[in-house]
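Enquirer: requesting a structural model of the entry that follows:
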Amino acid sequence: MLGVLARDFPPESSGIGARRGRARPPRSHTPLPDLDPILARRLTHLRQLEAESIHIIREAAAEFDHPVMLYSIGKDSSVMLRLARKAFAPGPMPFPLLHINTTWQFREMIEFRDRIAKELGFELLEWINPDGIKAKINPFDHGSDEFMRAMKTEALKQSLTHHGFDCAFGGARRDEEKSRAKERIYSFRDRFHQWDPKNQRPELWNLYNARIRKGESVRVFPISNWTELDVWLYVLVEDIPVVPLYFAKERPVVNRDGTWIMVDDERMRLEKGEEPEMRSVRFRTLGSYPLTGGHESEADTVEKIIQEMLLTKFSERQGRLIDFDQEGSMELKKREGYF
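Expert: Next up, the predicted model:
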């Protein structure tokens, strides 16, 4: 059986057309879904996704000369890391992990990154855009678009060029956002690291074209066919550790445009008359904290997160302010070389 029919599950949230900052936890009188039958029906599908992803990782590692795995510290990166370790077990992964540090990530993300790297013993590279630091680029004075261009997109391009990587594994999924739905599993980039959605290679019969010229590269997305539900069910089944920010907890936050922004450190700029308040919030997606909105929730376990997710009608990325800074924002970023 290749999966389950759509009617077996409540509708999953779509990344298309969702409004930012309108997520709400399920009402207390709404019965929570029983996860046992969901897991029973989904387990075969999960193992098929796992096998496909492991095949993609092994294929790319064999075809490219200098691959690297992008590690953004989120749940998708954690799942991809587990898949990569399985792909080459009992030996070590034949490539390092690369974290693009904007210097504005949540503190808990950096703590989690360092702990996992130490526990698992993989090679971790970090890159911070030196030009961005020199220019004191930040999300308040320069806005989300310029901040992400300098500290994320340019930083990634700098690091790939500096290390000479010709393949970069990424944890993007097709269900996240409409521009990502266009992208192939092997996403070709030119010598400027740019993506052209009109110039993509066919992937018939799961055959991937890895031929590139010097200076060109390919972004490889092993979990492209996964959904948010698949990711969380896999985290549950495999007992994969994830950043605590995914779980509901009392946190200092301010409400802006209907979404909760966490006051993570002293650099957070409060607006006139604004006072942080303690709310039980969690984050469905993680990034630089001034640009990442949370929502009120009581989901403090993986099981509760899955139950809450099955009931919500809002997009996973509705809390990512960078997706809304201009029309077609994500596709424009990807054309320039974004993840």
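Enquirer: got the contact list for the lengthiest strand in the chain?
Expert: With DSSP state E setting the assignment, residue counts place strand 249-256 as the longest strand in the chain. Applying Cβ atoms under 8 Å, 6 or more residues apart in numbering, the external contacts of strand 249-256 come out as 21, 260-263, 270-271, 274-282, 293-294, 300. C-betas here are computed from N, CA, C, even on glycine.
Enquirer: tell me which residues in that strand are buried?
Expert: For strand 249-256, the neighbour count (16 or more other Cβ atoms under 10 Å) marks 251-254 as buried.
Enquirer: tell me where the stretch 201-339 of the chain has helices.
Expert: For the stretch 201-339 of the chain, the helices defined by DSSP state H, counting those that start in this stretch cover 228-238, 302-311, 329-336.
Enquirer: okay if I get these as CSV plus distance to K214, mean pLDDT and mean neighbour count?
Expert: CSV is the format used below for the helices of the stretch 201-339 of the chain (distance: least, Cβ to Cβ, whole Å; pLDDT from 0 to 100; neighbours: other Cβ atoms under 10 Å):
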stretch, distance to K214, mean pLDDT, mean neighbour count
helix 228-238, 35, 96, 20
helix 302-311, 44, 93, 19
helix 329-336, 21, 57, 19
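Enquirer: just the CA trace of the longest strand of the chain, in PDB.
Expert: C-alpha atoms of strand 249-256 as PDB (Å, rounded to 0.1, in the frame of the first residue of the first chain):
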ATOM      1  CA  LYS A 249       5.900  26.800  27.400                       C
ATOM      2  CA  GLU A 250       5.400  30.100  29.300                       C
ATOM      3  CA  ARG A 251       7.600  32.500  27.400                       C
ATOM      4  CA  PRO A 252       8.100  36.300  27.300                       C
ATOM      5  CA  VAL A 253       6.300  37.600  24.200                       C
ATOM      6  CA  VAL A 254       4.800  40.700  22.600                       C
ATOM      7  CA  ASN A 255       1.900  40.600  20.100                       C
ATOM      8  CA  ARG A 256       2.500  42.200  16.700                       C
END
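Enquirer: sheet-wise, list the partners of that strand with their directions.
Expert: Next to strand 249-256 in the sheet, as set by DSSP bridges, lie strand 259-262 (antiparallel), strand 277-282 (antiparallel).
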